[in-house]
Structure formats: structure tokens, C-alpha cells
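In: Prediction below, plus the sequence it came from.
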Amino acid sequence: VIDFPAVAVEATIRLLAAVAVLWRRNVRLTCFVAVALPSRLLFGQLLDYLAWRLEQLSFLPDVRGQITSCWSTLVRPSALRTMRSFAREPAEVATFARFLEAHDRLQEHGQ
């Protein structure tokens, strides 16, 4: 069970104590922090809204389906197994090099 009022009271008391200690140490710094922290929050929300608005106004095509199909091709379990064995075994490196050479030769003859 979360005791929200007690947590809120404790957080408020801690915040007021921190402000009081900072006020006794440096009044100008306290004023700066009192302006800077809410300003940062407001500017962050403003930037989030502007980013959302620009995203809504952009005329980019929706390519989510294409990205999903491409991603599923990239993360096929058989492809992952090949990459894992490619990284571990020198024989896989040699086989892959031969495959690339043969592929390049076929491309040269085909063009």
C-alpha cells in the first residue's frame, strides 16, 4: 500500500528544507534556481510540443510496414546463427570470402 499523503508531505518538507539551506548560503543562487528549474520544465514541454507538431505537419510517407518487413528479414534466427558462427570460426570467414569472390565474378559476367 502506497501512503501518498505521507510521501507528498515528506517530499515537500525535504524541498522546503533544501530551499531554506540554500537561501541561507546564497540568496542569488536560490533565486536563480527558482527561475531556472521551472523554466527548464516549461522549455522541455515546449520542445516536446514543437517536435510533435512538426511530426504531424510533415508530409513524409508512412513506411512502417516496409521497415517492419525489412527488420524481420534482418533478425531471422538463421541469419543470427550465421552471424554468430561468422564471428567465432575462421572457417566461416574463409567460406564467406569465397562466396563474395564468386558473387563478384557472377556480377561481372552478368553485366
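Out: Happy to help now that I have it.
In: Lowest mean pLDDT among the helices and strands of the protein, which one is it?
Out: For the chain, scoring each helix and strand by mean pLDDT, DSSP states H and E identifies helix 77-88 as the least confident one, at a mean of 60.
In: Which helix or strand lies directly C-terminal to that helix?
Out: Using DSSP states H and E, the helix or strand that follows helix 77-88 in sequence is helix 90-110.
In: So which elements touch that following helix?
Out: In terms of contacts (3 or more Cβ pairs under 8 Å, 6 or more residues apart in numbering; DSSP states H and E), helix 90-110 is packed against helix 77-88. (Each C-beta comes from the backbone N, C-alpha and C, glycine too.)
In: residues near residue 33, how many?
Out: Using other Cβ atoms under 10 Å, residue 33 has 14 other residues around it.
In: Which residue is the nearest non-sequential neighbour of it?
Out: Nearest residue to residue 33 in three dimensions, chain neighbours excluded: residue 22, at 6.9 Å (Cβ to Cβ, 6 or more residues apart in numbering).
In: Let me know the helix or strand that that neighbour is in.
Out: According to DSSP H and E, residue 22 maps onto helix 4-25.
In: how distant is that helix from the center of its chain?
Out: Distance of helix 4-25 from the chain centroid (Cα atoms, centre = their mean, to the nearest Å) equals 33 Å.
In: and what of stretch 93-111?
Out: That offset, for stretch 93-111, works out to 37 Å (Cα atoms, centre = their mean).
In: Let me know the average pLDDT across that stretch.
Out: Mean pLDDT, computed over stretch 93-111, is 81.
In: circling back: show me what contacts the residue nearest to residue 33?
Out: Counting by Cβ atoms under 8 Å, 6 or more residues apart in numbering, residue 22 touches 29, 30, 33.
In: Could you point out which of those is nearest to residue 105?
Out: Distance to residue 105 across the contacts of residue 22 (Cβ to Cβ) is lowest for residue 33, with 68.6 Å.
In: what is the orientation angle of the strand or helix carrying the closest one with helix 4-25?
Out: Per DSSP H and E, residue 33 falls inside helix 27-57. Counting by axes from the mean of the first three to the mean of the last three Cα atoms, to 10 degrees, helix 27-57 lies at 130 degrees to helix 4-25.
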